[in-house]
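J.: Below is the sequence, then the predicted model.
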Amino acid sequence: NMAALSIVCVLALTRAQDQPLTCQSSLLSGLPFCNASLPLALRVQDLLGRMNTTEKASQTAMVGAAINHLGMIQYNFGGEALHGLWSSCVNGSSGSQICPTQFPAPLTLGSSFNKDLWRAVADATSTEARALYDLGPGSGARSLEGPLGLSYYAPNINLMRDPRWGRNEEVPSEDPVMNGIYGQEFTKGFQLGYQDSIDMKYWKASVTVKHYAVYNLETDFKTGISRHAFNAITSAQDLTETYLMPFEIAATANPGGIMCSYNAINGVPACVNNDLLNGRLRGDMGFEGIIATDCGALSDTMTKHNYTSSGVETVTLAIKAGVNSNCGHFFSTYLNDALANKTISVEEIDDSVARILALRFKLGLFEPNSSAVPKYPISAVDSSENRDLALRAAQSGIVLLQNNPTNTNDKSKSTGKPLLPLDKTQFKNIAMIGPNANASMNLLSGYHGSPPFLVSPLEAVKAKLQGSGSVQYHVGCNMSGPCASSSIEAAAALAKQVDVVIVGLGLCGDNYGGGPPKEDPTCFKIDEAESIDRQDLLLPGSQLELLQAVVASGTPTILFMINAGPLDLSWAKLNVPAILSAGYGGEYGGQAIADAIFGDINPSGALPYTVYTQQWANITEYDSMTMRPSPQTPAGRTYRFLDVRHEAGKPLWPFGYGLSYTTFDLKIAQSINSPIKVGDSSSLILQVTNTGNVAGGGVIVCYIAYTKVAVPEPPVKQLFAFSNTTKLMPTQVQSLEFTLTPQGRSLVGIQGDRIIPVGTAKISCSLGGQTTVEQMLDITV
């Protein structure tokens, strides 16, 4: 009888292990790790102690395995959410399709310089992520990496080091401080929404900030070496000051994860780089979350960088460097062998897996029915609130680069006032010309999901003129490749027949999204995207020829650009009266363009990057990571180090530039204390007045530039604060406060050491890159 009872007990235990249990099951509910009132660390340690080494190793893959007898579901730690969820649509209760909101690309969001907007977009995205996740794996919602989880590979806060980089569309700016703040706000919004405490018990979802570090190149033009084998050579000064700074700032927001990159840094691949991971990231920055590899990065370490000679050696170095989660097969293939060979210890695995388990607990995966775990209905996906936010984000990313009076030989069409906003009573007959004039999927840029809808520029302009004018369309030419002269001639002929021409040019950036290239009819090849860099700053194909033919018609011309990486628009700046930079505006990208053209909104964005000429690209070696002027980078990189005395260092438009349909006066209402002691902070209060005739707002960026300091080669200037004005009515005044902290005044020495120096500096704040106020500052001991 005792033997029979033992068999029954064994069978019962076996069945329990095979069947998915939860912390609400009687077999688990009394265990410490299922006690939600216990501290997180105790729950993690109790669960870890109940796992065997094989089970522990199974959690280190991107898709963590289910462990049924411990109530652990299979969980996907990978997903994409750079600017809205990369997800397929799902069926709603009425049979209609429900699709995730597609916001503007991060660089377009960067043009807003709006921290609240960045957080709101991240908050909305994670709300939709949680709502779709709660439908369960049977809903059909899938991302690039499989069924949706609650953890996503976003944001990307690498630097826009070079305008030719294919992934510029994914990052917010060329400034390391700005990118770090973007990472902070995105992390807070995505993980916590608008909760103030980063100690919130359960998160909405989790981020994995990427790509750490010095990742700014897809292919080296000179050698053909791709990012998978590229060795980024950087000085200690550039490393700390430029490439690590965004992550240092973002890490303060407690992101769930940070991703190590494909490339090597000074000879050591990023994902086995103990100094950068354990030393700088975990040690200096205090990062406690998961370090995840980019997909295939450990394989690259061995097979592309040739840094290791075996899979066991590779995973051993990765674990010892601090990596926890591997997107790829190396951990799942070699980790148990490394344990068996004792090149890594069980204690090292425990430390690694503990961080992964902690994230599962923070996401509420062990008590999904708890009222404390965030929950959202499926109606939160593509909600009216999120549509409004997507439109506001697209509008906020519009940058007005030029707005001159019309240049036309036809006096009946001429006007002495700026061409924009367009007067529908005067310009009733409109031609829309160009490969981006009717952009659809190209509005989304890379890493997009299935959009609920798209509004093209052509559709939006037609809607504006409905019943009061006419709109004709001609593509003129495709985005890239040769174009028949007859097509350009036909477009120019159309231009002569109308009152005004709106030309849409730019690049094709739609990739890694809802389908292959050619999603947009004019995009026969991708110009900028992951794995695809540009070799010059010129308009591709026959676009310049098309623009010149249209302008030669004599009809007033408006140019809008859909692109991320800046283009040399020297000819357009001299010959086209009105130019708008629209970026990749998401589902409402076309609507935002039309709203700006007709004055339904007043453009308030500013450039988060420098627009160089092709001359700069001709002399700047793409594969050089050097920021300061050097033999490889004679004019320097980004506004912080650009030598404007060099002929190639004169930008077409500078960082922070953006016009408005109104005018502003900017004054210092309260200066920063001077002299100021090296360890003190002080506030600058600026007063902005709308001196024009229409409502509007703008971007204010504040810089510090050292005029006398002991640190060699300080930046020309560096950003220490930025903000937006509200929408100001004519004569309305707003005061804004900017704080200059010791960190904001700090410089980095040759050895990579951060210094808060004494010396003399100039503080300057600029509205739209034009109206500027200045103050001199003495910094003393």
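T.: Alright, I've got the coordinates.

J.: Next, the buried residues of the host helix or strand of residue 351.
T.: Secondary structure from DSSP states H and E places residue 351 in helix 346-362. The neighbour-count check on helix 346-362 (16 or more other Cβ atoms under 10 Å) flags 348-350, 352-362 as buried. Yep, even glycine has a C-beta here, placed from its N, CA and C like the rest.

J.: got the contact list for that helix?
T.: Defining contact as Cβ atoms under 8 Å, 6 or more residues apart in numbering, one finds that helix 346-362 is touched by 40, 43-45, 47-48, 51, 53, 56-57, 59-60, 64, 72, 75, 77, 151, 201-203, 206, 256-257, 288-290, 319-320, 323-325, 335, 339, 366.

J.: Show me what residue 430 is bridged to.
T.: Note on residue 430: beta-bridge partners by DSSP bridges are residue 471, residue 500.

J.: what residues are up against the closest residue to residue 296 other than its chain neighbours?
T.: Spatial nearest neighbour of residue 296, excluding adjacent residues (Cβ to Cβ, 6 or more residues apart in numbering): residue 328 at 4.9 Å. By Cβ under 8 Å, 6+ apart, the contact list for residue 328 reads 62, 293, 295, 296, 297, 298, 299.

J.: tell me which of these is nearest to residue 435?
T.: residue 295 (32.0 Å; Cβ to Cβ).

J.: State the number of residues packed around that closest one.
T.: Residues within reach of residue 295, counting by other Cβ atoms under 10 Å, total 18.

J.: swap in residue 530?
T.: Residue 530 - counted by other Cβ under 10 Å - has 17 other residues nearby.

J.: Then residue 567?
T.: 27.

J.: same deal with residue 507?
T.: For residue 507, using other Cβ under 10 Å, the count is 30.

J.: From residue 277, how far off is it?
T.: Here residue 507 is placed at a distance of 35 Å from residue 277 (Cβ to Cβ, to the nearest Å).

J.: got it, and residue 143?
T.: Taken as Cβ to Cβ, the span from residue 143 to residue 277 is 26 Å.

J.: and what of residue 443?
T.: 37 Å.

J.: Give me the more crowded residue out of the two.
T.: residue 443 (34 against 24).

J.: who's in contact with the more buried one?
T.: So residue 443 contacts 454, 456, 562, 584, 585, 586, 587, 589, 590 (Cβ under 8 Å, 6+ apart).

J.: And residue 210, by the same measure?
T.: Per Cβ under 8 Å, 6+ apart, neighbours of residue 210: 153, 154, 155, 156, 157, 158, 258, 259, 261, 294.

J.: beta partners of it?
T.: residue 156.

J.: Just give the nearest non-adjacent residue to residue 681, would you?
T.: residue 741 (4.6 Å).

J.: before we move on, back to that, okay, and which of the contacts of helix 346-362 map to helices?
T.: 40, 43-45, 47-48, 53, 56-57, 319-320, 335, 339 (DSSP state H).

J.: I'd assumed residue 62 was in contact with residue 145.
T.: Yes - counting by Cβ atoms under 8 Å, residue 62 is a contact partner of residue 145 at 6.4 Å.

J.: number of nearby residues for residue 342?
T.: 9.

J.: Could you pull up the residues touching it?
T.: No residues are in contact with residue 342 under the rule Cβ under 8 Å, 6+ apart.

J.: how much space is there between it and residue 136?
T.: Taken as Cβ to Cβ, the span from residue 342 to residue 136 is 41 Å.

J.: Over to residue 177?
T.: From residue 177 over to residue 136 (counting by Cβ to Cβ), the distance is 41 Å.

J.: ditto for residue 358
T.: 24 Å.

J.: Go through stretch 54-73 and flag the buried ones.
T.: Buried-residue list, stretch 54-73, by 16+ other Cβ under 10 Å: 55-65, 67-73.

J.: Out of the buried residues of helix 346-362, flag the one nearest to residue 668.
T.: So of those, ranked by how close each gets to residue 668 (Cβ to Cβ), first place is residue 362, at 44.5 Å.

J.: how much space between that closest one and residue 194?
T.: Counting by Cβ to Cβ, the gap from residue 362 to residue 194 is 18 Å.

J.: same thing with residue 369?
T.: Taking Cβ to Cβ, one finds residue 369 at 24 Å from residue 194.
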